[in-house]
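**Q** Generate a structure from the sequence data that follows.
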Amino acid sequence: MSRDFRTICALMVLAICLPLHSFAEIPNGFKLQLNSDGVELYSKSYNSGPSDFVLVVDLEWAQLRSVLGEPGTAGPGTEIGGEAKVTFTKKSLLNHWQTAKAKWPKTVAVINGQFFNNLLDPPTLNYPVKTAGEVVSGKAAATIELVADLRLLQVDNAAGEAQITSFDSATLYDENSGPEMVAGLDVKPKQGELGYAGRTFVGVQSGGKNASDRVLFFVSSYASQTSAASVLSNFGATQQLMMDGKHAQLIVNSTPLIYSTAAIPHAFAIVAEAVEVPGPPINDQDLDGFLSDVNDCNDQDAEIHPDAQEICDGIDNNCNEQMDEGFAVGTECTVGQGTCLGQGTIECVSANASECNAQFAAEPVSELCDFLDNDCDGVVDEDLNLGEYCEKTSGGCVTNGVWACHLESGDVVCTAPEPAAGRELCNGVDDDCDGLVDEGFQVGDACSEGEGACKVEGFLTCDSRGAAYCKAPQPDIQEERCDGLDNDCDGVVDEGFELGNTCEVELESCTVAGVTVCSATGLNMDCKALTNNCDDTTPIIDGGDGTQTGAGSSSGAGSGGRDPTILTLPGDESSGCIAAPRPLKGHALMLIFLTLLLMFRRQGQYS
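**A** Residues are numbered from 1 along each chain as shown. Got it, this is the predicted structure:
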């Protein structure tokens with residue numbers, strides 16, 4: 001970059017020039033604290049405050065110089081290699097700052113240099129220093145100890161070049177081709193009285209062809225060499241070396257950032273050669289790398305800037321004109337459900353969390369059947385079997401319904417109506433709800449239908465009208481015959497046959513009285529004589545076995561199926577009529593009377 005271009009940039013707005021010097025992405029959580037005239041200062045904060053700093057010197061914009069105390073006289077025994085051993089007045093870093101500002105008014109910062117490992121050492125330089133082309137050394141170059149471990153930080157401010165090399169006395173003393181500034185550094189410096197407490201590290205970043213190099217100083221109160229190497233690498237250092245030191249020290253623009261009152265004989269000064277950029281000052285009071293007149297909405301708080309992470313604290317942390325975005329703060333919300341439902345809004349409870357501030361409207365209770373979520377679990381009337389089948393019973397009566405809520409009591413009730421008792425019918429149902437079915441109807445008991453030949457056995461059962469009847473097989477119905485049976489099953493015996501009527505029977509010598517009886521075939525009637533002897537008044541009684549008793553009785557002329565109780569009189573039965581003597585004497589009247597009496601008795605048996 002040419003000097004003319006830098007001059008032009010100086011006339012522009014500061015924000016336009018800044019990207020020419022700063023990193024596109026700041027590594028390892030560091031923040032840009034200062035960016036002016038080829039000098040960039042990055043800081044990293046810890047709980048106790050900033051303790052790590054990286055100072056970047058762009059050799060196209062700034063220069064690196066050595067600051068020494070005033071030389072003194074050699075004391076006894078200081079002759080080494082034929083040269084007097086030179087002493088220097090040790091000064092505090094603040095004194096070195098004042099010396100640098102007086103010599104180079106555009107000094108931006110001073111950093112501790114070599115010989116800072118042991119405060120008890122004499123104020124001499126163990127290794128040579130060359131500044132502005134002049135070599136200053138406490139020893140002759142030919143007698144420098146630990147040559148193999150010695151490293152030189154060589155800087156050519158005019159050429160914009162820097163490198164870390166091994167010791168070379170020719171380079172050190174060459175006034176024509178050698179670098180204008182050399183600082184001798186020990187690659188294995190002593191740890192100092194406080195071990196690793198405080199170190200300064202140096203690194204070089206090659207700018208490449210047609211570009212200036214950059215020298216980087218890492219000043220830390222606590223960092224180890226391993227962590228420092230990582231930091232410098234992330235900032236682009238291709239070469240690096242730990243400087244000797246006990247207490248790291250750094251002053252920037254008169255402000256001690258890491259400071260100790262310990263006096264040292266040597267320091268580095270960073271001098272801004274370029275003119276100051278006109279225009280408004282850099283407004284970054286909180287040193288967070290963001291400008292208040294550009295995009296930092298709070299220049300008093302380093303935690304508030306455009307790259308900050310938004311947290312839940314009621315503040316616009318990332319300067320986007322929104323507060324607590326992503327946390328829904330202020331949004332209406334609810335907690336609980338059912339009767340416990342409470343209203344509220346979302347508010348911050350920590351930097352990374354927000355919650356609803358609503359309170360439960362009521363405490364959960366056991367679930368009731370009332371269409372409300374009483375136990376506040378998000379479910380209404382759960383585990384109550386609502387809508388499922390239920391029934392009510394009374395004795396043997398059952399009514400159907402479903403389970404439902406009783407709104408007044410909150411109980412679960414069955415919607416089935418109460419069973420109603422009625423008159424018991426023969427239908428297989430407990431109509432009167434007494435737990436008995438068809439009582440009084442003797443269902444299943446034995447019964448019979450019909451009489452005589454028509455009588456059949458069955459059992460009692462219910463009909464379609466709710467009454468009981470005898471369920472029996474159909475009887476064998478026949479045409480009525482004259483046989484003393486109800487053949488046609490109509491409840492009447494021998495209907496259509498006029499049995500027991502008086503009739504006459506012609507015998508050989510007389511006509512005798514008789515009565516009508518069933519014939520042997522049962523198809524018609526016969527007139528049966530009351531006697532078979534025209535002279536005998538003794539009635540004939542048919543014994544049923546073919547014998548007859550009485551006057552003039554004879555065997556072998558049975559009635560053949562006639563009623564054995566029929567009284568017969570002697571006579572000729574071959575004609576079917578029992579004859580009586582024509583001349584009726586006085587005793588015959590008695591006989592007739594007896595005969596009629598027997599006939600009436602017979603008729604009574606068929607009625």
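**Q** and this structure, what are its domains?
**A** 28-272, 320-383, 502-606 (automatic domain parsing).
**Q** so which strand or helix has the closest residue to residue 222 other than its chain neighbours?
**A** Leaving aside its chain neighbours, residue 222 sits nearest to residue 51 (6.3 Å; criterion: C-beta to C-beta, 6 or more residues apart in numbering). (Glycine included, C-beta is placed from N, CA and C.) Assigned by DSSP states H and E, residue 51 belongs to strand 49-58.
**Q** secondary structure class for residue 228?
**A** Following DSSP: H, G, I helix; E, B strand; the rest coil, residue 228 is assigned to helix.
**Q** so who does it touch?
**A** 199, 201, 218, 220, 240, 242 (C-beta atoms under 8 Å, 6 or more residues apart in numbering).
**Q** surely the second one meets residue 232?
**A** Okay, so that is residue 201. Yes: contact criterion C-beta atoms under 8 Å: residue 201 and residue 232 qualify, at 6.3 Å.
**Q** What are the boundaries of the helices in the stretch 451-600 of the chain?
**A** Secondary structure of the stretch 451-600 of the chain by DSSP state H, counting those that start in this stretch: the helices cover 586-606.
**Q** what do you get for the chain?
**A** 3-10, 14-17, 93-103, 169-173, 225-234, 586-606 (DSSP state H).
**Q** Excluding residues flanking it in the chain, which one is nearest residue 353?
**A** Nearest to residue 353 is residue 312, by C-beta to C-beta, 6+ apart, at 6.6 Å.
**Q** for the protein, what helix or strand is lowest in average pLDDT?
**A** Within the chain, no helix or strand scores below helix 14-17, which has a mean of 34 by mean pLDDT, DSSP states H and E.
**Q** What pLDDT does the model give residue 580?
**A** Confidence at residue 580, expressed as pLDDT, is 40.
**Q** number of nearby residues for residue 530?
**A** 31 (other C-beta atoms under 10 Å).
**Q** From residue 509, how far out is it?
**A** Per C-beta to C-beta, to the nearest Å, residue 530 is found 16 Å from residue 509.
**Q** if I read this right, residue 457 contacts residue 475, doesn't it?
**A** No: between residue 457 and residue 475 there is no contact under C-beta under 8 Å: 10.8 Å.
**Q** These two - which one has more neighbours?
**A** Per other C-beta under 10 Å, whichever of residue 457 and residue 475 has more neighbours is residue 475, with 17 against 12.
**Q** how close does the closest residue to the more buried one other than its chain neighbours get to residue 510?
**A** Spatially, and ignoring its direct neighbours in sequence, residue 475 is nearest to residue 454 (4.1 Å; C-beta to C-beta, 6+ apart). Distance from residue 454 to residue 510, counting by C-beta to C-beta: 43 Å.
**Q** what number of residues lie near residue 531?
**A** Applying other C-beta under 10 Å, we find 34 residues neighbouring residue 531.
**Q** Strands along the stretch 251-400 of the chain, start to end?
**A** Ranges of strands in the stretch 251-400 of the chain, per DSSP state E, counting those that start in this stretch, are 255-258, 266-272, 332-335, 342-350, 353-356, 389-394, 397-406.
**Q** Adding distance to residue 521, mean pLDDT and mean neighbour count, write those out as JSON lines.
**A** Converted to JSON lines, these look like this (distance: least, C-beta to C-beta, whole Å; pLDDT from 0 to 100; neighbours: other C-beta atoms under 10 Å):
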{"stretch": "strand 255-258", "distance to residue 521": "157", "mean pLDDT": "87", "mean neighbour count": "16"}
{"stretch": "strand 266-272", "distance to residue 521": "164", "mean pLDDT": "89", "mean neighbour count": "24"}
{"stretch": "strand 332-335", "distance to residue 521": "110", "mean pLDDT": "91", "mean neighbour count": "14"}
{"stretch": "strand 342-350", "distance to residue 521": "111", "mean pLDDT": "94", "mean neighbour count": "15"}
{"stretch": "strand 353-356", "distance to residue 521": "115", "mean pLDDT": "94", "mean neighbour count": "16"}
{"stretch": "strand 389-394", "distance to residue 521": "67", "mean pLDDT": "90", "mean neighbour count": "14"}
{"stretch": "strand 397-406", "distance to residue 521": "63", "mean pLDDT": "91", "mean neighbour count": "15"}
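**Q** export those to CSV and tack on distance to residue 47?
**A** Listed next are these as CSV, based on distance: least, C-beta to C-beta, whole Å:
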stretch, distance to residue 47
strand 255-258, 16
strand 266-272, 29
strand 332-335, 35
strand 342-350, 18
strand 353-356, 22
strand 389-394, 70
strand 397-406, 62
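**Q** Can you tell me which of those is nearest to residue 321?
**A** strand 342-350 (18.4 Å; C-beta to C-beta).
**Q** Dump the C-alpha coordinates for that closest one into PDB.
**A** Taking Å, rounded to 0.1, in the frame of the first residue of the first chain, the C-alpha atoms of strand 342-350 are listed here in PDB:
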ATOM      1  CA  GLY A 342     -54.400 -19.600  35.600                       C
ATOM      2  CA  GLN A 343     -53.600 -16.600  33.400                       C
ATOM      3  CA  GLY A 344     -50.400 -14.700  33.200                       C
ATOM      4  CA  THR A 345     -47.500 -13.500  30.900                       C
ATOM      5  CA  ILE A 346     -44.100 -14.900  30.000                       C
ATOM      6  CA  GLU A 347     -41.200 -13.200  31.800                       C
ATOM      7  CA  CYS A 348     -37.400 -13.800  32.200                       C
ATOM      8  CA  VAL A 349     -36.300 -16.100  34.900                       C
ATOM      9  CA  SER A 350     -32.600 -16.200  33.900                       C
END
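**Q** Could you give the separation of it from the chain centroid?
**A** 23 Å (C-alpha atoms, centre = their mean, to the nearest Å).
**Q** Tell me the strands beside it, with direction?
**A** As defined by DSSP bridges, the strand partners of strand 342-350 come to strand 332-335 (antiparallel), strand 353-356 (antiparallel).
**Q** Show me what it is in contact with.
**A** Looking at what lies outside strand 342-350 - C-beta under 8 Å, 6+ apart - the contacts are 312-314, 324, 327-336, 354-361.
**Q** now stretch 289-304
**A** 15, 26, 31-33, 45, 280, 282-288, 305-307, 315-319, 321.
**Q** please redo it, this time with the cut-off set to 7 Å
**A** With C-beta atoms under 7 Å, 6 or more residues apart in numbering as the test, stretch 289-304 has contacts from 15, 31-33, 280, 282-288, 305-306, 315-317, 319.
**Q** Make JSON lines out of the strands paired with strand 342-350 and add distance to residue 467.
**A** Output for those, formatted as JSON lines (distance: least, C-beta to C-beta, whole Å):
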{"stretch": "strand 332-335", "distance to residue 467": "69"}
{"stretch": "strand 353-356", "distance to residue 467": "75"}
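**Q** how about low-confidence regions in the stretch 451-600 of the chain?
**A** 452, 536-595, 597-600 (pLDDT under 70).
**Q** Go ahead and produce CSV holding the CA coordinates of stretch 383-396.
**A** Coordinates of each C-alpha in stretch 383-396 appear next as CSV, following Å, rounded to 0.1, in the frame of the first residue of the first chain:
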residue,chain,number,x,y,z
ASP,A,383,-62.0,-43.1,34.1
LEU,A,384,-65.7,-42.7,34.8
ASN,A,385,-67.0,-45.1,32.1
LEU,A,386,-69.4,-42.4,30.7
GLY,A,387,-71.6,-43.6,27.9
GLU,A,388,-71.0,-47.3,28.7
TYR,A,389,-73.9,-49.8,29.2
CYS,A,390,-75.6,-50.1,32.6
GLU,A,391,-78.8,-51.6,34.0
LYS,A,392,-81.1,-51.5,37.0
THR,A,393,-82.8,-54.6,38.5
SER,A,394,-85.7,-55.3,40.8
GLY,A,395,-86.3,-58.9,41.5
GLY,A,396,-86.2,-60.3,38.0
